[in-house]
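*Asks:* The following comprises the amino acid sequence and a computationally predicted model.
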Amino acid sequence: MTTDPRPARSRTALIHAITDVLTQQTPDAINITDIVKAAGVSRPTFYQHFPDTTALTRAAALEKLKATFAAVDAQNLTPETEGFTNRFTTALLLELRDDATFCRNVLKTAGDSALMSELVSFLSNRLLNHSPFAAEVRSKTIEHESYAEFIAAGMSWSAMRWLCTDFTGNNAPEAMAERLTATVRAATY
């Protein structure tokens, strides 16, 4: 039995459409009519996937975040080498800086508790399963998932505040990466 690929294609098309809008326009210009037209789908198809543009924006933000991590992962930075975490974090922040307009617009339109919850969940999973700090976090407490969420929430908040800066001086990606790395190291060791 084969699965109908149309729902996945239409969902992807909607995510691409909102991503394009949030990269090029102000968030107040978002409306479902323009989104479905750009995606090449009907309004009922939109509502099959998302209850509103805020939910679509959250989905696009998470897809973009996953793609950002995948792009940094593809750089094949070696976890065993000294300074890996700082290099990884710098590469991640450089990717986020390049998508700053999109990120800022997401925060303006969908920066609610649902988005924060999904971001923290994603980052805590990365911390526990794909990080040099994983063993340390797991050894801290029986409640290591909660501890990882606590660290991820702080990282998320710091990154969101940083995204609203000018990325120069103390807010340069390299400087922010050093602060984030030092904070995570302090929290895990």
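*Replies:* Cool, got the structure.
*Asks:* Show me where the chain dips below the pLDDT cut-off.
*Replies:* 1-2, 77-82, 141 (pLDDT under 70).
*Asks:* Centre-most residue in it?
*Replies:* Leu65 (3.0 Å; CA atoms, centre = their mean).
*Asks:* contacts for the helix or strand harbouring that one?
*Replies:* Following DSSP states H and E, one finds Leu65 within helix 53-73. Applying CB atoms under 8 Å, 6 or more residues apart in numbering, the contact partners of helix 53-73 are 11, 14-15, 18-19, 22, 30-32, 35, 46, 49-50, 88, 91-92, 95-96, 99, 102-103, 106, 109-110, 112, 114-115, 118-119, 122, 126. C-beta: built from backbone N, CA, C; applies to glycine.
*Asks:* again with stretch 171-182
*Replies:* 85-86, 89-90, 92-94, 97, 155, 158-159, 162, 165, 167, 169.
*Asks:* Can I get the buried part of these as one PyMOL selection?
*Replies:* Entered in PyMOL, the line below selects the buried ones among the contacts of stretch 171-182, by 16 or more other CB atoms under 10 Å:
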select buried, resi 85+86+89+90+92+93+94+97+155+159+162+167
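*Asks:* Among the contacts of stretch 171-182, which lie within helices?
*Replies:* If you go by DSSP state H, the contacts of stretch 171-182 have 85-86, 89-90, 92-94, 97, 155, 158-159, 162 in helices.
*Asks:* Among those residues, which one sits closest to Ala134?
*Replies:* Thr85 (11.6 Å; CB to CB).
*Asks:* For the closest one, give me its contacts.
*Replies:* 131-133, 181, 184-185.
*Asks:* Narrow those to those that are buried.
*Replies:* Counted by 16+ other CB under 10 Å, the contacts of Thr85 give 131, 133, 181, 184 as buried.
*Asks:* Make TSV out of these and add distance to Phe150 and secondary structure.
*Replies:* Shown next, in TSV, are those (distance: CB to CB, whole Å; DSSP: H, G, I helix; E, B strand; the rest coil):
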residue	distance to Phe150	secondary structure
Ser131	15	coil
Phe133	13	coil
Thr181	17	helix
Val184	11	helix
